[in-house]
Every structure is written in C-alpha cells, then in structure tokens.
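In: below are the sequence and a predicted model; questions follow.
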Amino acid sequence: MKGNNRIVTMLLLLSTVISCGSVQQGNKNDVAAGSTVVAQHGQLQVIGTQLSNEKGDPVVLRGASLGWHNLWPRFYNREAVKWLAGDWKCTVVRAAMGLEIDDNYRDNSEFALQCITPVIEAAIDNGIYVIIDFHAHNKYTEEAKGFFTEMATRYGDYPNVIYEIWNEPDYFEWDEVKAYSEEVIGVIRSIDPDNIILVGSPHWDQDLHLVAEDPIQDVTNIMYTMHFYAATHEAWLRERTDDAITSGIPVFVSECGGSEANGDGRLGTEEWKTYVEWMESRKISWVAWSVSDKNETCSMLLPRASSEGNWSEELLKPWGKLARNSIRRGN
Ligand code: MG
C-alpha cells in the first residue's frame with residue numbers, strides 16, 4: 001500500500017513539474033508586480049522568536065484553515081481561496097491534508113494532491129501565504145518525507161509557502177516528535193533552504209514547556225505550533241506559551257477556535273476575544289479552524305453555502321461571523 005502510494009506520488013510529481021512550470025513562472029511575476037501581502041512582505045524569516053518579513057520587520061498573519069481535505073473537498077478550490085483573501089482579508093490560508101479518516105493521503109494520494117494543489121496555487125495567485133498542513137494525529141514519517149520532498153520541489157521557491165509537518169501529535173513523547181521533526185526538516189531543507197517550517201508538540205500542540213526544555217538545534221526559520229480552543233483552554237495555556245516564548249521558542253498558532261476542544265459545544269465569544277487580544281499583543285500569527293459545513297460549533301459555514309465563496313453574512317454560522325470579523329479587523 002505504502003509503496004504504491006510512493007510510486008503514485010513520484011509520478012504525480014513528475015507530471016506536475018512538467019505541466020505546471022510555465023504557469024507558476026507567470027504567477028510569480030504577477031505577485032512581484034502587485035501590491036499583495038506577499039509582494040509587501042516577501043520571504044518570511046524568524047528573528048529571535050518573531051515571524052518577520054524579508055526586511056526584518058515583524059509580521060502577524062491572520063487567516064482561516066480549510067477543514068480536512070477528505071471531509072470537505074468541496075471547499076478546496078481556487079474561488080474559495082480568492083474569497084477568503086478578498087472578502088475575509090485572510091493573509092494566510094491553511095490546506096489541511098488529512099492523513100486519517102477515510103480516503104486520506106495514505107489511501108489516496110492522488111485525490112489529496114488534486115485537492116490541495118488549487119488551494120496552494122490560488123494563494124500564490126492572490127498574493128497571500130499558505131500553510132501546507134500534514135494533518136495527522138499519528139506519526140507517518142515515510143509518508144511525510146515523500147510528501148514534503150514533493151512540496152518543497154514544487155513550491156520551495158515561492159515565498160508564499162509555509163510547511164506544517166505534523167498537525168497535532170496526540171500521544172507521543174517530545175523526543176519522538178523531535179526526532180520525526182528533525183528528519184522531515186532535513187528533507188525539506190535539502191531542497192528549500194529558507195521557507196518557514198511549523199513543528200508540532202505533544203498533546204495537540206500544547207506542550208511547549210517540553211519543547212522549551214529541549215528545542216531543535218541548528219535549523220533556521222522554524223516555529224512551534226500552539227493550538228487552542230477558547231471555550232476549553234483557559235489562561236494556563238497562554239501562560240505556558242508566554243513562558244516558552246520568553247525562553248526563546250518562536251510560536252505560531254496554526255489552528256484555533258472559539259468552541260470547546262472537541263470542535264463542538266459552547267462558543268466562548270468572550271474567551272475568544274481574550275485570546276485574540278493576547279495574540280495581538282504578542283504579535284503571534286493565527287489561523288482559525290475551519291472552513292467546513294458540519295453541524296458543529298467550529299464549522300464556519302452552513303451546508304447551503306456554495307463551495308466557491310460568495311458567502312453572505314446569512315451563510316456564516318456564529319463562529320464563522322466571529323472569526324471573519326476578527327480576521328478582517330486585524331488585517
Ligand atoms: Mg524557499
């Protein structure tokens with residue numbers, strides 16, 4: 001199974017490189033000529049603990065994550081990304097390529113790449129940043145190395161691209177996550193020397209205190225993810241994150257929400273506002289979960305919302321309205 005997937009991936013890589021080369025060159029020129037967020041900030045870098053632009057000035061990205069590609073493939077299209085960039089003022093979107101649940105990347109890599117490719121290319125076309133998220137809760141080292149070899153080869157020259165190499169390690173020790181991360185980072189850095197790489201930590205990206213005790217060494221432009229759900233995660237997670245930052249750990253909130261930690265339950269509007277104020281005061285970039293239409297609190301859209309954007313206010317669920325307002329206000 002895994003061997004077949006790798007062969008399919010290699011063939012897709014070859015065909016995509018051959019077919020997309022000229023198109024991508026055109027996109028790159030468009031971005032350089034425009035006044036988009038990527039034209040403005042260019043190649044991102046990490047200075048100290050701060051995400052910074054090409055000139056070295058601090059940058060805060062704010063945006064939305066698509067849901068799992070294998071659960072909500074209908075939102076993985078160019079028009080949805082264009083709408084998020086234009087109407088929502090997202091400066092970053094996240095493509096959450098699922099490694100679990102039916103029809104995931106391990107089962108069907110061709111479909112996964114069909115989903116994420118237009119999202120990445122639309123982000124490039126619209127001059128915003130895009131997180132390529134290896135959306136796994138378990139460890140798939142060989143699959144990650146193959147996948148990021150392909151992504152770095154295709155997109156490593158684009159300043160738009162951010163790699164997230166392990167969404168949320170659930171029940172793994174930090175030394176396991178660290179070893180995995182070092183291996184995957186090595187693969188990416190052998191192809192792409194500079195784009196930002198986001199690294200996870202144990203317990204759904206909450207154990208930044210363990211990272212702070214033993215961070216990855218001798219690699220530039222990596223940041224560690226923290227994920228929160230405001231109705232569940234109280235001040236302790238902000239305090240733990242503050243401590244990590246103080247000890248030199250760069251933090252990127254690549255997924256967050258106003259709901260409870262299971263994605264459902266109460267929408268904690270006040271707690272969300274507290275979290276946003278906290279992130280803004282520390283210049284932490286953040287991405288809200290998720291552009292999807294399930295009957296749950298953290299899904300932003302109603303089932304009758306179109307797949308291609310054009311989402312009027314009445315098509316946004318309460319969390320969708322709150323997230324959109326927070327993104328627009330910040331950006
Ligand atoms: Mg690069």
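Out: That came through fine.

In: list of residues touching stretch 42-60?
Out: 40-41, 61, 129, 159, 162, 194-196, 220-223, 245, 248-252, 279-280, 283-285, 330 (C-beta atoms under 8 Å, 6 or more residues apart in numbering). Where C-beta positions appear, they are placed from N, C-alpha and C, glycine not excepted.

In: looking at the stretch 201-331 of the chain, which residue is nearest the ion?
Out: Nearest residue of the stretch 201-331 of the chain to the ion: residue 221, at 9.1 Å (C-beta to the ion).

In: how far does stretch 261-278 sit from its chain's centre?
Out: 19 Å (C-alpha atoms, centre = their mean, to the nearest Å).

In: can you give me the mean pLDDT across it?
Out: Averaged over stretch 261-278, pLDDT sits at 97.

In: tell me the contacts of the residue of the stretch 201-331 of the chain closest to the ion?
Out: Contacts for residue 221 (C-beta under 8 Å, 6+ apart) come out as 44-46, 194-197.

In: per-residue pLDDT, it?
Out: Note on residue 221: pLDDT of 98.

In: same check on the one 3 residues further on?
Out: Taken from the predicted model, the pLDDT recorded for residue 224 is 98.

In: for the helix or strand where it lies, name the packing helices and strands.
Out: Using DSSP states H and E, residue 224 sits in strand 222-229. Helices and strands touching strand 222-229, by 3 or more C-beta pairs under 8 Å, 6 or more residues apart in numbering; DSSP states H and E, are strand 197-199, helix 202-205, helix 208-213, helix 235-246, strand 251-257.

In: what count of nearby residues applies to residue 111?
Out: Residue 111 has 15 neighbours, counted by other C-beta atoms under 10 Å.

In: which one is it nearest to, not counting chain neighbours?
Out: residue 103 (6.5 Å; C-beta to C-beta, 6 or more residues apart in numbering).

In: for that neighbour, grab the count of nearby residues.
Out: So residue 103, with other C-beta under 10 Å, has 15 neighbours.

In: how about residue 217?
Out: Counted with other C-beta under 10 Å, residues neighbouring residue 217 total 7.

In: quick one, helices of the stretch 101-250 of the chain?
Out: For the stretch 101-250 of the chain, the helices defined by DSSP state H, counting those that start in this stretch occupy 109-125, 141-155, 174-189, 202-205, 208-213, 235-246.

In: and the last one, how far from the chain's centre?
Out: Averaged C-alpha coordinates place helix 235-246 at 21 Å from its chain's average position (C-alpha atoms, centre = their mean).

In: ok, the second one next?
Out: Taking C-alpha atoms, centre = their mean, one finds the center of helix 141-155 at 15 Å from the center of the full chain.

In: list the buried residues in it.
Out: 143-152, 154-155 (16 or more other C-beta atoms under 10 Å).

In: do I have it right that residue 70 meets residue 112?
Out: Yes - when contacts are counted by C-beta atoms under 8 Å, residue 70 is listed as touching residue 112 (7.3 Å).

In: please identify the helix or strand for residue 43.
Out: Under DSSP H and E, no helix or strand contains residue 43.

In: and the pLDDT at it?
Out: Residue 43 is assigned a predicted lDDT (pLDDT) of 98.

In: rewinding a little: are any of the contacts of stretch 42-60 buried, and which?
Out: Buried members of those, counted by 16+ other C-beta under 10 Å: 41, 61, 129, 159, 162, 195-196, 221-223, 245, 249-252, 279, 284-285, 330.

In: residues from the stretch 101-250 of the chain in reach of the ion?
Out: 156, 192, 194-195 (C-beta under 5 Å from the ion).

In: distance of residue 58 relative to residue 46?
Out: Using C-beta to C-beta, to the nearest Å, we find residue 58 at a distance of 11 Å from residue 46.

In: ok, residue 264 next?
Out: The gap separating residue 264 from residue 46 is 34 Å, by C-beta to C-beta.

In: equivalent analysis for residue 320, please.
Out: Distance, residue 320 to residue 46, by C-beta to C-beta: 31 Å.

In: tell me which of these two has more neighbours.
Out: Neighbour tally, residue 320 and residue 46, criterion other C-beta under 10 Å: the higher count belongs to residue 320, 25 against 16.

In: element containing the more buried one?
Out: Using DSSP H and E, residue 320 sits within helix 318-330.

In: and that helix, what's its mean pLDDT?
Out: Across helix 318-330, the average pLDDT comes to 97.

In: residues touching it, excluding its own?
Out: Contact with helix 318-330 is made by 60, 62-64, 87-90, 257-259, 267, 269, 272, 276, 280, 288, 297-301, 311, 313, 316, as judged by C-beta under 8 Å, 6+ apart.
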